[in-house]
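> please find the sequence and the predicted model below.
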Amino acid sequence: MTAETLTGNVIDVATGLVESVRIEVDSGVIESIAPVPDLVAQPGPTALTIVPGFIDLQVNGAGSVDVATASTPDLLALCDSLEATGVAGWLPTVVTRPIDEYREVIDRIEQVMAAQQG
């Protein structure tokens, strides 16, 4: 990964305060966050709003990928697809099925988790 700089608005959801900031990121790690006083914080459709990654607590699938039947490569592609939309973490869920089918699904999910960790 390379170093990058993000400049945009950060919204404090507790207070509603909007502040313009510059965030320095190196190899995926935030190195610094600094206010940018000369940049006017204007939320709106053209403003860059910087938010933390979303956590999706129920993903049965997306697009053509069904968590219950997807191969490991398809689940990895689903991870990439979700990440591209701002999802930083997700909980794979499976719709009701015969109990003897769950082990295979869980095994594939474990393979994906292991691949993501290293």
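Great, that's in hand. All values reported here derive from a predicted model rather than from experimental measurement.
> Ala77 is in contact with Val65, isn't it?
Yes. At 6.9 Å, Ala77 counts as touching Val65 under the criterion of CB atoms under 8 Å. Heads up, the C-betas are built off the backbone N, CA and C, glycines and all.
> from Ile109, how far off is Leu76?
The gap separating Leu76 from Ile109 is 11 Å, by CB to CB, to the nearest Å.
> then Ile55?
Applying CB to CB to Ile55 and Ile109 gives a distance of 16 Å.
> and Asn60, by the same measure?
Distance, Asn60 to Ile109, using CB to CB: 12 Å.
> any shared contact partners between the two?
Val67 (CB atoms under 8 Å, 6 or more residues apart in numbering).
> so which residues of the protein form helices?
Along the chain, counting by DSSP state H, helices occupy 72-84, 102-117.
> okay, these in JSON lines with mean neighbour count and mean pLDDT next?
Conversion of these to JSON lines gives the following (neighbours: other CB atoms under 10 Å; pLDDT from 0 to 100):
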{"stretch": "helix 72-84", "mean neighbour count": "15", "mean pLDDT": "93"}
{"stretch": "helix 102-117", "mean neighbour count": "13", "mean pLDDT": "91"}
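> can you list the ones you listed in CSV and add distance to Glu31?
Output for the helices of the chain, formatted as CSV (distance: least, CB to CB, whole Å):
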stretch, distance to Glu31
helix 72-84, 21
helix 102-117, 23
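> and Ala34, which of these is closest to it?
Ranking those by their distance to Ala34 (criterion: CB to CB) puts helix 72-84 first, at 26.1 Å.
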